[in-house]
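Following is a predicted model, sequence given first.
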Amino acid sequence: MLFSRIQIFMLGLMTITLVPLTTLALEPQLPTDAGEQQAWIVNDYRYEQGSPQDDPDMGLYLCGTRCNAMTSDYRNVIDPGGWELIRVAENKELIVELNNKLIGGHCICIADEYIVKVSEFNRPEKSN
Amino acid sequence: MNNAYFTKTGRKSVLTIICLTVCLLNLSLFTTTATASGKDLSAQEIKHLGEKMYREGLLPSGEPIKAFVTGDVPVDGTSFTCISCHLRSGMGSIEGEVITPPTNGNTLYKQRKPYIEGSVFVPIIHNYAVYLPERPAYTDETLASLLVTGYDPTGRSVLDAMPRYEIADRDMEIMIAYLKTLSDKPAPGVTKDHIKFATVIVEGTDPVAVESMVIPLQYSVNRKNSLAVASKNNDRVARMGYNMLGDLHSMTFSLKRWVISGPPETWREQLEKYYKEDPVYALLGGISEGTWEPVHRFCEENEIPNLFPIVDNPVISDTDWYTQYLSRGIRQEGETAARYLSSMADLFSDRKVVQIYRETTRGQALADGFRTTWNSRGHAPAVEITLKENEPFSGLQLQQIVARHKPAALLIWDDDKLLGNVASLVGLSTGPGVIIASGVWLGEAIWTIPEELRGMLQLTYPYRMPHEEIRFDITARKVLEGKPIEDFDPIILRQSFIAQEVLGKALMEMRIEYYRDFLLDTIGMFDDSYPPLYERISFGPGQRYASKGCYIVQLGKGKNPQLEKLTEWVVR
């Protein structure tokens, strides 16, 4: 046996006290009803004009904003704890409409596809 | 350094009287060559003049303090103020690998040992001391010598980052007298074993909102008190608690509800009464559906920290110190809309921007946020159309406004009634290029935006995307201890969660030195964090609006749509 009961008890107490005093948590219960979610991390982008009158520089600029907005910040996945990002595809080309009456055309966002799911490793029943 | 100065209390009284008179008439008349003793100044004058030197780098004469860095390079003392590194409380800071030691009298006039007594085994507190060299207690003479020469009483030169100051005797005495008053005694509401807090509730606020604000705070207080009780009853828990929190582990907290009612102009008196009867260390949270100004002023004038009140309209100030807000409130959405439109203004040609808003607190805050930011970027002012609070506004009227002004961009700051109005613009070939509304004001109505409007209506949204936020549910649920989350306001619950989280972290890092300014200094040194609700919150010395960003979003297509980000987290 690696640890005696007393050591395990002490370890438990340490865990409690190591958490900031105000965040002493109840037993975690990861919400599984959230299911798997799709997430993207964008590597590149380009703009495709709708007509020759569309300003390519402004179009590219707006596509930069639009495509970068798709990127998930990994801290939003990691910080809550118990979730993982799994890459399922690389450099997918996604067509994204600008939805802007002042300029036509659309964006091509080149992105890696991920799914966000509950981490099996961190499930409470597995970690106990 | 002329150390004889410190014994000059017996100067001729007539000269002293003259100098005091001059001081009272006009403080700026003081010069470094004045001969009156700083000890003749009142505590208030020492505070006033000392603050100017410490915070602004200005001598009592109003001249900048002369300073030298890296040996003999002269610099303006206003660029190298004490407060920049030692912070407002004087309790020091850690910036990268540079540790700036405390400079308050309590610390300076005690011997520095390579450990902090009472917290030898508490890493978070003890680590601070290990990296600082030992030194004897300062005296007035050795402290003055340090400021001028850069050498401490052991003959060790302090870091080059610390300038050497050219401060004459009399001004030096004021400076030293000021340092002695800096963080010199425990704040009201703090005793050896207890810290008192209060939360201000404006009577008439939605009870669900109030409970959603209070429950995370009360949870935090209860948990802390449980640890204190367990520590008293169980030596092992006490040891563990001590190793983590030092003396804080055995301290208890209390949280009072200060309910204020009536017109805002009467709140101050009520707050003063509460405070006089039972002073507290800090105000936690707090909630108002209207103004927060009287509470903000009360805190400012009594020097009481207020952490994260739940308000739509915080007081906007670059200099006020004592209230730390979650964000700039709903006006932040208007500011974000301005920055977003500004980025595409080249597409507008000569077409106008039209801003329609309700003459309510929310409408005015949104409109003002947009107007201030838009105009500051050099754009022609937007055409503004106001609607009285209950004034009917039809789709036809909106069509007429659009036909008259032909705007490139249209902002409508209103509640969910705007959806019906915007619907009247569907299919209009001469309609605005971009239409923006407030996501917070639309509230749950966001999810009812009809399919045909989703491509044209863009929303300001100051929170994390809801489908990503679900991952933080577990964090927010902690404080409910089994109570159904549906009974609470999810946004307020999360906002208040942040308040107790930040407080807990700050108290742990304060090394048992519970001075009020140090609480805010400590929070100001926190790294960015990713709490529930907000994509990111950040702090800095004197920064008082933690979440600085906002998204522009639109509702996606389909029966179960998600919000789609059109921009990154647009930061102010």
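Received, thanks.

just for chain A, where's the confidence low?
For chain A, residues meeting the criterion pLDDT under 70 lie at A:1-35, A:120-128.

so where do the strands sit in chain A?
A:37-48, A:83-97, A:106-118 (DSSP state E).

quick one: which of these is nearest B:F526?
strand A:83-97 (23.7 Å; CB to CB). C-beta: built from backbone N, CA, C; applies to glycine.

how far out from the middle of the chain is stretch B:564-572?
Centroid separation between stretch B:564-572 and its chain, computed with CA atoms, centre = their mean, to the nearest Å, is 23 Å.

Pull up the distance across that stretch, start to finish.
21 Å (CA to CA, to the nearest Å).

Likewise for stretch B:456-470?
Stretch B:456-470 end-to-end distance (CA to CA) = 27 Å.

near chain A at all, that stretch?
Yes: shown here: stretch B:456-470 in contact with chain A (CB under 8 Å from any CB of the partner chain) through B:M456, B:R464, B:H467, B:E468, B:I470.

Please convert the buried members of these into ChimeraX selection syntax.
Per 16 or more other CB atoms under 10 Å in any protein chain shown, the buried members of the residues of stretch B:456-470 next to chain A correspond to this ChimeraX selection:
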select /B:456,464,468,470
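
Out of the strands of chain A, which is closest to B:A177?
Of all the strands of chain A, it is strand A:83-97 that lies closest to B:A177, at 55.4 Å by CB to CB.

what residues does the closest one touch?
A:30, A:39-40, A:43, A:63, A:66-67, A:70, A:72, A:74, A:77-78, A:106-119, A:121-122, B:455, B:471 (CB atoms under 8 Å, 6 or more residues apart in numbering or on different chains).

Quick one, which of those residues are buried?
A:30, A:39-40, A:63, A:66-67, A:70, A:72, A:77, A:106-114, A:116-119, B:455, B:471.

Specify the local secondary structure of whichever residue of chain B sits closest to chain A.
Nearest residue of chain B to chain A, counting by CB to the nearest CB: B:G504, 3.1 Å away. Per DSSP: H, G, I helix; E, B strand; the rest coil, the secondary structure class of B:G504 is helix.

same check, this time on the one 10 residues further on
Here B:Y514 takes the coil state, with states given by three-state DSSP.

For the closest residue to it other than its chain neighbours, give me its contacts.
Once flanking residues are discounted, B:Y514 sits nearest to B:V190: 4.7 Å by CB to CB, 6 or more residues apart in numbering or on different chains. By CB under 8 Å, 6+ apart, the residues touching B:V190 are B:K196, B:Y281, B:Y514.

Equivalent analysis for B:E203, please.
Counted by CB under 8 Å, 6+ apart, B:E203 has contacts B:V259, B:I260, B:S261, B:G262.

Kindly present those residues as JSON lines, with separate columns for pLDDT and distance to B:A177.
Compiled in JSON lines, the contacts of B:E203 are given as follows (pLDDT from 0 to 100; distance: CB to CB, whole Å):
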{"residue": "B:V259", "pLDDT": "98", "distance to B:A177": "41"}
{"residue": "B:I260", "pLDDT": "98", "distance to B:A177": "38"}
{"residue": "B:S261", "pLDDT": "97", "distance to B:A177": "43"}
{"residue": "B:G262", "pLDDT": "97", "distance to B:A177": "43"}
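
Which of the residues you listed has the largest number of neighbours?
Neighbour counts for the contacts of B:E203 peak at B:I260, which has 22 neighbours (criterion: other CB atoms under 10 Å in any protein chain shown).

Give the bridge partners for that one, please.
Beta-bridge pairing of B:I260, defined through DSSP bridges, involves B:V202.

Now do it against A:E84, distance only.
B:I260 sits 47 Å away from A:E84, going by CB to CB, to the nearest Å.

Same check on B:I174?
Taken as CB to CB, the span from B:I174 to A:E84 is 59 Å.

And these two? Which one has more around it.
B:I174 (26 against 15).

Correct me if wrong: that one contacts B:A43.
No: contact between B:I174 and B:A43 fails when scored by CB atoms under 8 Å: they sit 11.6 Å apart.

List of residues touching stretch B:438-456?
Contacts for stretch B:438-456 (CB under 8 Å, 6+ apart): A:97, A:99, A:101, B:330, B:333-334, B:362, B:366, B:413-416, B:418-419, B:422-423, B:425-426, B:431, B:435, B:457, B:459-462, B:553-557, B:561, B:563.

What parts of the stretch 251-400 of chain B come near chain A?
Going by CB under 8 Å from any CB, the residues of the stretch 251-400 of chain B near chain A are B:S343, B:M344, B:D346, B:L347, B:F348.

if we go to 6 Å?
Contact residues (CB under 6 Å from any CB of the partner chain) of the stretch 251-400 of chain B with chain A: B:D346, B:L347.

how about the strands in the stretch 251-400 of chain B?
Using DSSP state E, counting those that start in this stretch, the strands of the stretch 251-400 of chain B run over residues B:252-260, B:282-284, B:306-307, B:323-327, B:353-358, B:383-387.

Give me the mean pLDDT for the second one.
Read that as strand B:282-284. In this model, strand B:282-284 has an average pLDDT of 98.

pLDDT below threshold where in the stretch 451-572 of chain B?
Looking at the stretch 451-572 of chain B by pLDDT under 70, you get an empty list.

Can you list the residue ranges for helices in the stretch 451-572 of chain B?
B:451-454, B:466-469, B:473-477, B:490-509, B:516-524 (DSSP state H, counting those that start in this stretch).

Contacts for the second one, please.
This means helix B:466-469. By CB atoms under 6 Å, 6 or more residues apart in numbering or on different chains, the residues outside helix B:466-469 that reach it are A:N76, B:Q562.

Off-centre distance for it?
Put simply, helix B:466-469 sits 26 Å off its chain's centre (CA atoms, centre = their mean).

then that helix to CSV, C-alphas only?
Below are the C-alpha coordinates for helix B:466-469, written out as CSV (Å, rounded to 0.1, in the frame of the first residue of the first chain):
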residue,chain,number,x,y,z
PRO,B,466,-23.2,31.0,-23.6
HIS,B,467,-22.3,27.6,-25.2
GLU,B,468,-18.7,28.1,-23.9
GLU,B,469,-19.9,29.4,-20.5
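
Alright, that wraps it up for me.
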